[in-house]
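Participant: Have a look at this fold, sequence not included:
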């Protein structure tokens with residue numbers, strides 16, 4: 001057979017609503033159905049185009065359930081009918097050789113290729129994602145991870161099956177503005193086979209905003225930017241499903257498939273269509289798409305209500321609430337038909353699938369009273385899966401600009417006002433939050449009015465921890481620390497309320513900032529200087545026998561071979577050489593002093609052994625060991641040996657001297673003892689007799 005057959009799914013969002021008991025199983029039941037369809041249709045592999053997880057740091061339960069499903073359906077003793085003929089540079093499998101089914105220690109029946117999305121993107125100092133854990137465990141093949149987000153090179157996974165040559169490209173999520181800029185500056189490079197490049201069918205998996213949206217013309221990837229040699233682009237991140245291949249804009253020469261999300265995440269007008277996955281078959285330079293309906297998704301109903309379109313409705317809160325209740329009940333009736341179509345096998349896995357998701361968007365303008373969404377949702381507990389989010393108020397933002405001139409970019413004034421009064425930081429994703437914080441800091445620092453109390457150094461470190469290390473409380477903890485410093489300063493200096501003036505507070509703030517800057521500079525200089533212990537260790541090497549063997553090191557995943565270097569193959573490099581045992585004489589070792597007479601009785605054989613044992617320790621800390629043995633005056637325990645050749649240093653003292661030293665403690669008259677009531681009564685009885 002020459003046909004390469006694979007299943008495509010995207011935006012699975014495993015672990016979504018993990019803390020909501022009624023919805024925590026939705027994503028896993030649907031993901032299991034997807035894996036079942038892959039096995040039933042006997043596909044060659046599975047392609048996941050981003051957002052496999054709902055968070056970049058999924059919980060232990062989410063990670064465990066995902067690994068269990070992949071092991072259940074994708075591991076087994078089955079022949080892989082295609083070959084991967086490319087170098088393993090495009091696959092990030094924790095440093096192991098190429099793809100997981102080439103590993104002789106793993107039996108893979110259905111290989112999985114996956115890129116990351118904006119929900120499970122790499123974070124932290126080492127830029128790791130949850131997909132790195134799955135790939136290192138041998139469960140998936142993680143590719144599309146850019147080594148440099150400012151100069152991106154995309155290398156393909158070259159798949160060969162009979163006469164069909166398939167080049168699979170992938171690029172995980174990169175911040176939209178940055179990737180847009182890279183395309184404009186031609187900093188995105190696709191690597192192609194050097195021989196017969198025109199005979200390869202090229203597929204590109206991407207997880208970005210499709211085209212630019214709103215007033216910001218750089219927050220996405222335009223379809224015209226991918227113009228070139230590509231044949232099919234599988235576009236993730238967009239939850240709306242378009243399961244028919246559509247030609248790209250601008251005669252770009254390729255088709256776009258948009259699978260959409262596999263679960264109901266946020267109910268809206270674009271996310272109401274039935275959820276599907278696709279089977280793609282590629283034969284030489286032609287392809288075919290077969291959509292497959294998912295039957296395990298939770299039913300969802302969405303509706304928008306404009307109250308001013310109901311002339312018979314009174315403008316009272318009771319009448320508005322009653323009208324909205326009728327609307328929700330009608331939506332529940334419509335959902336019953338979808339509930340009846342869910343197979344029993346999925347109901348057994350998730351009994352809560354019979355409870356639908358209902359979302360009612362209400363336009364209260366111009367002057368209708370608003371209904372409390374929490375109190376309103378309490379009426380539908382156990383009837384809907386989202387009782388606290390049934391109602392959503394649709395409000396129109398008022399323009400804050402005094403000018404009536406339309407913006408030069410063609411957007412309306414309403415759009416401009418919505419941008420100015422846009423969503424709060426809590427509702428933005430990590431990328432937009434990072435941009436907002438960075439822009440604000442840049443404006444503050446370079447405005448000529450620096451921060452009055454907070455140190456720019458500490459604030460920069462806190463923002464870095466917040467963005468790159470995902471420490472949500474980094475900035476909050478830093479601000480609380482400064483507040484505590486200011487409170488302590490006020491409590492220490494101020495004796496009356498009249499002393500707290502604006503001038504005093506300004507001086508206190510400047511003093512706190514100066515002290516914080518001095519602390520930061522001191523800590524920075526201290527980090528640069530090696531400690532005395534490190535210097536001692538560097539000057540006097542340890543004995544190799546006392547050090548554990550260094551583990552074998554792997555080639556870094558993101559490094560590319562240069563001219564003259566060995567190509568990256570994922571194989572182990574030889575272990576790091578351990579320090580050689582240097583049997584050198586201790587430099588500061590002097591001849592034994594004449595007071596150290598016991599050292600003359602040591603045999604030569606025993607002396608050689610002790611020198612080898614104390615080679616490293618005696619060089620690092622020779623003096624304390626000698627002083628300790630010299631001042632030791634107590635008798636050694638039976639059978640014990642001291643640090644000098646195992647012989648006691650102090651001879652047993654004569655018995656006469658021992659008796660003299662112990663005489664003061666023998667008499668019982670000088671050491672009175674406490675007498676109990678029982679002993680007193682016994683002595684009194686004897687005297688009476």
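Facilitator: Alright, I've got the coordinates. A quick note: this is a predicted structure, and the numbers were derived from the prediction, not measured.
Participant: any weak-confidence spans in the chain?
Facilitator: Confidence mapping of the chain against pLDDT under 70 gives the ranges 88-89, 94-95, 97, 212-217, 269, 395-450, 467-471, 494-499, 526-689.
Participant: and the longest helix for it?
Facilitator: Taking DSSP state H as the criterion, the chain has its longest helix at helix 502-528.
Participant: Tell me which other helices or strands that helix touches.
Facilitator: helix 456-468, helix 474-493 (3 or more Cβ pairs under 8 Å, 6 or more residues apart in numbering; DSSP states H and E). (Each C-beta comes from the backbone N, C-alpha and C, glycine too.)
Participant: possible to save these as JSON lines with mean neighbour count and distance to residue 165?
Facilitator: JSON lines is the format used below for the helices and strands packed on helix 502-528 (neighbours: other Cβ atoms under 10 Å; distance: least, Cβ to Cβ, whole Å):
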{"stretch": "helix 456-468", "mean neighbour count": "17", "distance to residue 165": "40"}
{"stretch": "helix 474-493", "mean neighbour count": "14", "distance to residue 165": "49"}
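Participant: For these, could you give me TSV that also reports distance to residue 200?
Facilitator: Formatted as TSV, the helices and strands packed on helix 502-528 follow (distance: least, Cβ to Cβ, whole Å):
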stretch	distance to residue 200
helix 456-468	37
helix 474-493	47
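Participant: The ones you listed: which one's closest to residue 157?
Facilitator: helix 456-468 (28.9 Å; Cβ to Cβ).
Participant: tell me what that closest one is packed against?
Facilitator: Secondary elements touching helix 456-468 (3+ Cβ pairs under 8 Å, 6+ apart): helix 430-445, helix 474-493, helix 502-528.
Participant: Report the angle between that helix and helix 474-493.
Facilitator: Orientation of helix 456-468 against helix 474-493 (axes from the mean of the first three to the mean of the last three Cα atoms, to 10 degrees) gives an angle of 150 degrees.
Participant: buried ones in stretch 300-308?
Facilitator: Using 16 or more other Cβ atoms under 10 Å as the burial criterion, the residues of stretch 300-308 that qualify are 300-303, 305, 307.
Participant: out of those, who's nearest residue 91?
Facilitator: Checking the buried residues of stretch 300-308 against residue 91 with Cβ to Cβ, the nearest one is residue 300 at 36.5 Å.
Participant: correct me, but that closest one touches residue 357?
Facilitator: Yes. Assessed by Cβ atoms under 8 Å, residue 300 is found in contact with residue 357 at 4.4 Å.
Participant: Backbone dihedrals for residue 195, both of them.
Facilitator: Dihedral pair for residue 195: phi -120, psi 130, per degrees, to the nearest 10.
Participant: Same question for the one 10 residues further on.
Facilitator: In terms of degrees, to the nearest 10, the main-chain angles of residue 205 are phi -100, psi 120.
Participant: Was I right to think residue 181 contacts residue 218?
Facilitator: Yes. Contact criterion Cβ under 8 Å: residue 181 and residue 218 qualify, at 7.0 Å.
Participant: Can you add distance to residue 209 and secondary structure and give the buried residues of stretch 300-308 back as CSV?
Facilitator: Below are those laid out as CSV (distance: Cβ to Cβ, whole Å; DSSP: H, G, I helix; E, B strand; the rest coil):
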residue, distance to residue 209, secondary structure
300, 23, strand
301, 27, strand
302, 22, strand
303, 27, strand
305, 29, strand
307, 33, helix
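Participant: mind listing what's buried in stretch 147-156?
Facilitator: 152, 154-156.
Participant: related to what we said a few turns ago, mind listing what's buried in the longest helix of the chain?
Facilitator: Buried, per 16+ other Cβ under 10 Å, within helix 502-528: 508-509, 512-513, 516, 520.
Participant: Kindly report the same for stretch 172-185.
Facilitator: Residues of stretch 172-185 classed as buried: 172-177, 179-180, 182 (neighbour count, 16+ other Cβ under 10 Å).
Participant: of all those, which comes closest to residue 454?
Facilitator: Relative to residue 454, the closest of the buried residues of stretch 172-185 is residue 175; by Cβ to Cβ it sits at 26.6 Å.
Participant: Distance of that closest one relative to residue 121?
Facilitator: 9 Å (Cβ to Cβ, to the nearest Å).
Participant: Could you do residue 508 as well?
Facilitator: According to Cβ to Cβ, residue 508 and residue 121 sit 42 Å apart.
Participant: Equivalent analysis for residue 12, please.
Facilitator: Distance from residue 12 to residue 121, by Cβ to Cβ: 15 Å.
Participant: which one of the two has more residues nearby?
Facilitator: Taking other Cβ atoms under 10 Å, residue 12 and residue 121 do not tie; residue 12 has more neighbours (28 against 22).
Participant: All the strands of the stretch 251-400 of the chain, residue numbers only.
Facilitator: 255-258, 276-283, 286-293, 300-306, 357-363, 391-393 (DSSP state E, counting those that start in this stretch).
Participant: With distance to residue 110 as extra columns, can I get those in TSV?
Facilitator: Converted to TSV, those look like this (distance: least, Cβ to Cβ, whole Å):
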stretch	distance to residue 110
strand 255-258	21
strand 276-283	13
strand 286-293	15
strand 300-306	30
strand 357-363	31
strand 391-393	40
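Participant: Which among those strands is found nearest to residue 87?
Facilitator: Proximity to residue 87 (Cβ to Cβ) singles out strand 276-283 among the strands of the stretch 251-400 of the chain, at 21.7 Å.
Participant: So which residues of the stretch 1-150 of the chain form strands?
Facilitator: Along the stretch 1-150 of the chain, the segments classed as strands by DSSP E, counting those that start in this stretch run 3-9, 45-49, 83-84, 112-115, 141-142.
Participant: helices or strands up against the fourth one?
Facilitator: Read that as strand 112-115. strand 45-49, strand 141-142, strand 164-171.
Participant: which one of these has the most crowded surroundings?
Facilitator: strand 141-142 (a mean of 28; mean count of other Cβ atoms under 10 Å).
Participant: sorry, back to before: quick one: closest of the helices and strands packed on helix 502-528 to residue 195.
Facilitator: So among the helices and strands packed on helix 502-528, helix 456-468 is nearest, using Cβ to Cβ, at 41.3 Å.
Participant: Report the inter-axis angle for that closest one versus helix 502-528.
Facilitator: Here helix 456-468 points in a direction 70 degrees away from that of helix 502-528 (the same axes, to 10 degrees).
Participant: out of the helices and strands packed on helix 502-528, nearest to residue 259?
Facilitator: With Cβ to Cβ as the yardstick, what comes closest out of the helices and strands packed on helix 502-528 is helix 456-468 (30.2 Å).
Participant: What sits closest to residue 370 if chain neighbours are left out?
Facilitator: residue 364 (5.4 Å; Cβ to Cβ, 6 or more residues apart in numbering).
Participant: quick one, what contacts the one you found?
Facilitator: Contacts for residue 364 (Cβ atoms under 8 Å, 6 or more residues apart in numbering) come out as 307, 370, 393-395.
Participant: ok, 7 Å please
Facilitator: Shown in contact with residue 364 (Cβ atoms under 7 Å, 6 or more residues apart in numbering): 307, 370, 393.
Participant: And the closest residue to the first one other than its chain neighbours, how close does it get to residue 380?
Facilitator: Nearest residue to residue 307, sequence neighbours excluded (Cβ to Cβ, 6+ apart): residue 368, at 4.6 Å. As for residue 368, its distance to residue 380 is 21 Å (criterion: Cβ to Cβ).
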